[in-house]
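Q: Next comes the sequence, and after it the predicted model I'd like to discuss.
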Amino acid sequence: MNNDFRFTIKSICLDENYHPSNSTRLTTNFANLARGESRQQNLRNALKMIDSRFNALANWDNPQGNRYSVELEIISVDLEIAQNTEAFPSIEVLKTNIIDHQTNERIEGIVGNNFSSYVRDYDFSVLLLDHNKAKSEFSIPENFGDLHGKLFKYFIDSETYKQHFKKPPVICLSVSDNKTYHRTENQHPILGAEYQPNESSLTEQYFKKMGLQVRYFMPPNTVAPLAFYFFGDLLNDYTNLELISTISTMETFQKIYRPEIYNANAVAGSCYQPNLRNADHSITQIVYDREERSQLAIAQGKFTEQHFIKPYQSVLEKWSANYAI
């Protein structure tokens, strides 16, 4: 049954000349920035912010604060189903690469970072919404996220993934605005102070089905914790430079997309509740259309239903039932 599915990986450089392809999920942070009149300036400013933040964190043997720069690749993963000539665009992530200008070395960073998935759009923007339409109390559909989780784990375990990437992915997301986070005594030199949420979120449960654990850290000179989803041991499986590449990239995107939290003028305290209505924050000089992003998620969820879930329902159900976790 596993032979029915095949993954293909494509890569494109994310620089100031980047234009989203037709198969790119337009809700991704980078695709949103790369459209409209300000597209080139948006990308240039965002990439400059990433480099500045990287050098601020990697400050040893770096007196001028310009030793490193970060190159980003957009990794698109297409899924081919047997007897089907057209591949479905399943997952899109970012890969970081670090340029050390002192040694002229190109260091591989972390794959993951930003995470986009058409099936996740379907789950959250179609399935979950339809399930709760006529209900007075919110509930989660049975087996919610099972197929997506199994497809993701199957991809990570595949020879295709292992041929392209040396280490498992790390995905970095914003904290949930309906949870409270408490700072612990644990402190990491790069990731910073660790926080723990008061309860598990739906996102946590969804990512757990993908095989991912989560820990929350607030890096030095950051105003709010970030959620790090990972396999294995986050603190020991990755080098300092690898972790810095993820922090600098995703913190930059969160400052643009969630300025109320990540560009707030007040730093998170020992007990922290994120607030998306926080007026005391600064805006970056980067144009970002959040309303369009949420509308596109629904459109992309319906696209997934029409071109993936419904046409291959019996194949997917049979594969999912037989998939060994």
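A: Ah, there it is.

Q: going forward, measure contacts between C-alpha atoms and count neighbours the same way
A: Will do.

Q: For the stretch 151-300 of the chain, which segments count as strands?
A: 170-174, 181-188, 192-197, 213-218, 226-230, 271-272 (DSSP state E, counting those that start in this stretch).

Q: I'd like those strands as CSV, with mean pLDDT and distance to Asp130 appended.
A: Putting the strands of the stretch 151-300 of the chain into CSV (pLDDT from 0 to 100; distance: least, CA to CA, whole Å) gives the following:
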stretch, mean pLDDT, distance to Asp130
strand 170-174, 96, 25
strand 181-188, 97, 31
strand 192-197, 97, 28
strand 213-218, 97, 28
strand 226-230, 98, 28
strand 271-272, 96, 32
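
Q: Looking at these, spot the one closest to Glu142.
A: strand 213-218 (21.6 Å; CA to CA).

Q: got the angle between the closest one and strand 181-188?
A: 90 degrees (axes from the mean of the first three to the mean of the last three CA atoms, to 10 degrees).

Q: Adjacent strands (with direction) for strand 213-218?
A: Taking DSSP bridges as the criterion, strand 213-218 forms sheet pairs with strand 192-197 (antiparallel), strand 226-230 (antiparallel).

Q: got a markdown table for these, with mean neighbour count and distance to Asp61 too?
A: Supplementary listing: the strands paired with strand 213-218 in a markdown table, determined by neighbours: other CA atoms under 10 Å; distance: least, CA to CA, whole Å:
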| stretch | mean neighbour count | distance to Asp61 |
| --- | --- | --- |
| strand 192-197 | 20 | 20 |
| strand 226-230 | 22 | 27 |
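
Q: Out of those, which gets nearest to Tyr272?
A: strand 192-197 (9.0 Å).

Q: neighbouring contacts of that closest one?
A: 179-188, 215-220, 225 (CA atoms under 8 Å, 6 or more residues apart in numbering).

Q: so where is the chain shaky, pLDDT-wise?
A: By pLDDT under 70, the low-scoring segments of the chain are 1-3, 19-38, 83-85, 287-295, 325.

Q: how about the spatially most central residue of it, secondary structure?
A: With distances taken as CA atoms, centre = their mean, the chain has Asn114 as the residue nearest its mean C-alpha position (2.5 Å). Going by DSSP: H, G, I helix; E, B strand; the rest coil, the secondary structure assigned to Asn114 is strand.

Q: before we move on, back to that, select only the buried ones of the contacts of strand 192-197 in PyMOL?
A: Applied in PyMOL, the following selects the buried portion of these according to 16 or more other CA atoms under 10 Å:
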select buried, resi 179+180+181+182+183+215+216+217+218+219+225
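
Q: re earlier: okay, the strands paired with strand 213-218 in a markdown table with distance to His164 next?
A: Output for the strands paired with strand 213-218, formatted as a markdown table (distance: least, CA to CA, whole Å):
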| stretch | distance to His164 |
| --- | --- |
| strand 192-197 | 30 |
| strand 226-230 | 18 |
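
Q: Minimum distance to Glu305: which of those strands has it?
A: strand 226-230 (26.5 Å).

Q: next one: that closest one to chain centre, how far?
A: The chain centre lies 9 Å from the centre of strand 226-230; the measure is CA atoms, centre = their mean, to the nearest Å.

Q: same thing with stretch 268-276?
A: 21 Å.

Q: Return that stretch as PDB; C-alpha atoms alone will do.
A: Extracted in PDB, the C-alpha atoms of stretch 268-276 (Å, rounded to 0.1, in the frame of the first residue of the first chain):
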ATOM      1  CA  ALA A 268       6.300  39.000  28.700                       C
ATOM      2  CA  GLY A 269       6.500  38.500  32.500                       C
ATOM      3  CA  SER A 270       6.600  35.300  34.500                       C
ATOM      4  CA  CYS A 271       2.900  34.800  33.900                       C
ATOM      5  CA  TYR A 272       2.000  35.700  30.300                       C
ATOM      6  CA  GLN A 273      -1.200  35.700  28.300                       C
ATOM      7  CA  PRO A 274      -0.800  36.800  24.600                       C
ATOM      8  CA  ASN A 275      -3.200  39.500  23.400                       C
ATOM      9  CA  LEU A 276      -4.000  40.100  19.800                       C
END
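
Q: Which positions within that stretch qualify as buried?
A: For stretch 268-276, the neighbour count (16+ other CA under 10 Å) marks 268, 272-274 as buried.
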